[in-house]
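Q: predicted structure and sequence below. I'll ask about it afterward.
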Amino acid sequence: MKFIWSLPVIIYLFLPQQIEAQSNNWKNGLNVPLYIRTSMSFGYDSNFLRLSSAEKNDADYNPFILGDTDTYDSAVIRPEFRLNYNPVFFNENETKFTFKISKVKFGQSNEKSYSVFSFLVEQHLGPYQWLRFGYVNAPQVLLRYYRDKDSISRDILTSNFSNEIIYLTYSFKVYKKSWFRIKPRLNRQYFNQYFTEFDTEVSTLEFRGYTQLLPDFKLSAWYAFGKGDNTSYDDGLLSTTVDRSYDMSIVGAQLIHYPDHFFKSASLSLTADHRKYKSEISDDPLHTGREHIDYKASLLLNKDFLEDLSLQFKLNYRHRTTESEYNWVESEKSFSKFEIWLKVNYDFALDFYY
């Protein structure tokens, strides 16, 4: 009985200390350095407007296709700033916040240049188990130049769109050094006032498996499927009477090697993206019966020079093959391009508490 009556006194004496101790633990967990990476990428794009062979040949007679440039290839620079903040909310599991800003600048075209903003939140849940939420936004990206055939002046119009991506991933262990990832993703593409008939929301679901059973190697393979929903279809305007929706599927694989010397890592990735349009309208030759396969290959080499300085060398190749009931559609919607990139990274930390 005396113990019961003494409980209020015990609580009064010790509870504030416990609360203060917990508060200090959280405060200390927030007092961690900010890790910053600044980088500059120098590149070359052989076909930055994604023109088909037929369009390249036609550019001499219709220079409006090239817009503010006189060539279809260009040098590219991409400065990037990344901030990592890893507070300690839980002693055993990591929490990571990543913020990134970059600018893609084409030497041959100011209008084609664009900015990208993104953030990523990651929570470690257990061995090989992560929950991640990401957001990416490119507010204005130039797709192509078009001549307004409905205007007497035949003005040249730029087809711009905002590209917004929201995704969630959950990964978990399946066997020893092997794990699996599930990734739902939503990509919103909204065009400017002259091309709202192309507004599309692309939703996909990706399944990806990883394994590191082989020493110094990591192998991954994935499959994704989804659809592009033409959100402005049949909204009352004459230009929206055509349904530009499509179904899609993607398969891919990547092999990463971690050698003992010279390169930190070397990776090769291959993907094939299949798209099939849903339109069945006979007077819509551009989409009816049209489908394409987009092949992509990438080679990436990473090299550390100093503790804070690293380099990346990357080669990208892309080839799109289009199938249609009309030869002119196949000719105009197929293209190839390659890119060469050299990226310089510099890492440092800001510690405001020590």
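A: Arrived safely. Numbering: from 1, shown residues only.

Q: and the strands in this protein?
A: Using DSSP state E, the strands of the chain run over 34-45, 74-85, 95-106, 109-126, 129-147, 156-175, 178-191, 200-211, 217-230, 246-257, 265-277, 291-304, 309-323, 335-350.

Q: of all those, which one is nearest residue 62?
A: Shortest distance between residue 62 and those, using Cβ to Cβ, is found for strand 129-147: 7.8 Å. The C-beta positions use only the backbone N, C-alpha and C, and glycine is treated the same way.

Q: center of this protein - which residue?
A: residue 136 (7.0 Å; Cα atoms, centre = their mean).

Q: isn't it right next to residue 185, touching?
A: No. Between residue 136 and residue 185 there is no contact under Cβ atoms under 8 Å: 10.1 Å.

Q: residues shared between the contacts of these two?
A: By Cβ atoms under 8 Å, 6 or more residues apart in numbering, residue 136 and residue 185 have these common neighbours: residue 165.

Q: what does stretch 39-49 contact?
A: Applying Cβ under 8 Å, 6+ apart, the set of residues contacting stretch 39-49 from outside is 65-67, 69, 72-80, 82, 106, 108-109, 112, 144-145, 335-346.

Q: cutoff 6 Å now
A: Contacting residues not belonging to stretch 39-49 are listed as 72-80, 106, 337-345 [Cβ atoms under 6 Å, 6 or more residues apart in numbering].

Q: quick one: average pLDDT of it?
A: Taken as a whole, stretch 39-49 has a mean pLDDT of 95.

Q: the strands of the chain: which one's closest to residue 236?
A: Nearest to residue 236, of all the strands of the chain, is strand 217-230, at 14.2 Å by Cβ to Cβ.

Q: now that closest one, how far from the chain's geometric center?
A: Computed by Cα atoms, centre = their mean, to the nearest Å, the chain-centroid distance of strand 217-230 equals 13 Å.

Q: check contacts around the nearest residue to residue 332 once chain neighbours are set aside.
A: Nearest residue to residue 332 in three dimensions, chain neighbours excluded: residue 52, at 5.2 Å (Cβ to Cβ, 6 or more residues apart in numbering). Applying Cβ under 6 Å, 6+ apart, one finds that residue 52 lies in contact with 332, 334, 335.
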